[in-house]
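[1] Using only what follows, build the 3D model:
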Amino acid sequence: MAATDDIFVRSPRELPASPKRSLGQNFLVDPNIARKIVAALRIGPDDTILEIGPGRGALSEWIVKAGPGRFLAVEKDLALALALPRDHPGVAVVAQDALRLDWGRLAGLARLKIVGNLPYNVASPLVWDMCAGLRGFAFAVFMVQHEVARRMAASPGTKEYGALTAFLGNYVQVEYLFKVGPNVFRPRPKVDSAVVRLTPLARMPDVDDPGQLAWAIKHCFSNRRKQMRRTLRGQWSEDMGHLFERHGYSPECRAEDLSPDFFRILAKSLKKPGAS
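    Numbers count the residues shown, from 1 in each chain. Take a look at the predicted model:
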């Protein structure tokens, strides 16, 4: 808790900025959707809430009303970061790109719950980094592009199942909550959005090296239509063939058939290029 006090500060009055295309800003303007998203957090008086990209405060208003024990926010747009505490007293905000957030510094915050209307261009890498870098949070509720939400919640063997799904599956359970149309944003995006909830697995597996796991998954999905024996031809061996068979997979299967658990096992048997 004290370790984060130096990066979250209260800011002086400043007027909010107009939407910036460069930041992928689509501001939520429907209070009913905002209330519904915040309700999914089930905020209690002992909770710490971290909002990613609060923008003009559509979610922040309902978070404050819910009365969490502590409310933190990360906003890349400096003008919006400066305006947020004025409109929502009690919020501690840092003007920073959330993609550069040191998730490890947030470990230990009491009942940490994370929420955000994530810009489409940063949602996947941000969620990927959060899962790899943060331990001990209660859960996260994010609004993302509908297509990304479907990928996050996909099951092995489906067309939506991909590298993002397989990686997240080693850290969290993903619930698809509800779909959101473009008419609730200003400016309006050209695609639908959806809200998902990410809850850490009850039995968190031991991921020795998240970077190795990420590389192995991305490598396996680099040509998802290829059979795994061909995708891994440079490292395929009789022992690897036995590894697949022991876990119920044929060497002719494809990356989309493999479970998140098996990717973690497989990653330990693969050698990353350049590794000693």
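[2] from here on, contacts and neighbour counts on C-alpha atoms
    Will do.
[3] Do you have the strands of the chain handy? List them.
    27-28, 48-52, 70-75, 92-95, 112-117, 139-145, 172-180, 185-186, 193-200 (DSSP state E).
[4] which regions of the stretch 151-276 of the chain lie under the pLDDT threshold?
    274-276 (pLDDT under 70).
[5] Including mean neighbour count and distance to residue 61, could the strands of the chain go into TSV?
    Shown next, in TSV, are these (neighbours: other C-alpha atoms under 10 Å; distance: least, C-alpha to C-alpha, whole Å):
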stretch	mean neighbour count	distance to residue 61
strand 27-28	22	12
strand 48-52	25	11
strand 70-75	22	11
strand 92-95	22	14
strand 112-117	24	13
strand 139-145	23	16
strand 172-180	17	19
strand 185-186	14	16
strand 193-200	21	18
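[6] Make a markdown table out of the ones you listed and add distance to residue 161.
    Below are those laid out as a markdown table (distance: least, C-alpha to C-alpha, whole Å):
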| stretch | distance to residue 161 |
| --- | --- |
| strand 27-28 | 28 |
| strand 48-52 | 26 |
| strand 70-75 | 30 |
| strand 92-95 | 34 |
| strand 112-117 | 23 |
| strand 139-145 | 15 |
| strand 172-180 | 13 |
| strand 185-186 | 28 |
| strand 193-200 | 16 |
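[7] if we compare these, which one ends up closest to residue 255?
    strand 172-180 (19.7 Å; C-alpha to C-alpha).
[8] Which residues does that closest one contact?
    131, 146, 149-150, 152-153, 192-201 (C-alpha atoms under 8 Å, 6 or more residues apart in numbering).
[9] can you pull the contacts of the residue nearest to residue 164 when sequence neighbours are not counted?
    Nearest residue to residue 164, sequence neighbours excluded (C-alpha to C-alpha, 6 or more residues apart in numbering): residue 152, at 6.5 Å. Residue 152 makes contact with 161, 164, 165, 168, 174, according to C-alpha under 8 Å, 6+ apart.
[10] Verify the stated contact: residue 58 with residue 28.
    Yes. Under the criterion of C-alpha atoms under 8 Å, residue 58 makes contact with residue 28 at 6.2 Å.
[11] quick one: residue 46 and residue 107, what's the gap?
    16 Å (C-alpha to C-alpha, to the nearest Å).
[12] tell me the domain boundaries of the chain?
    Following automatic domain parsing, one gets these domains for the chain: 2-200, 210-267.
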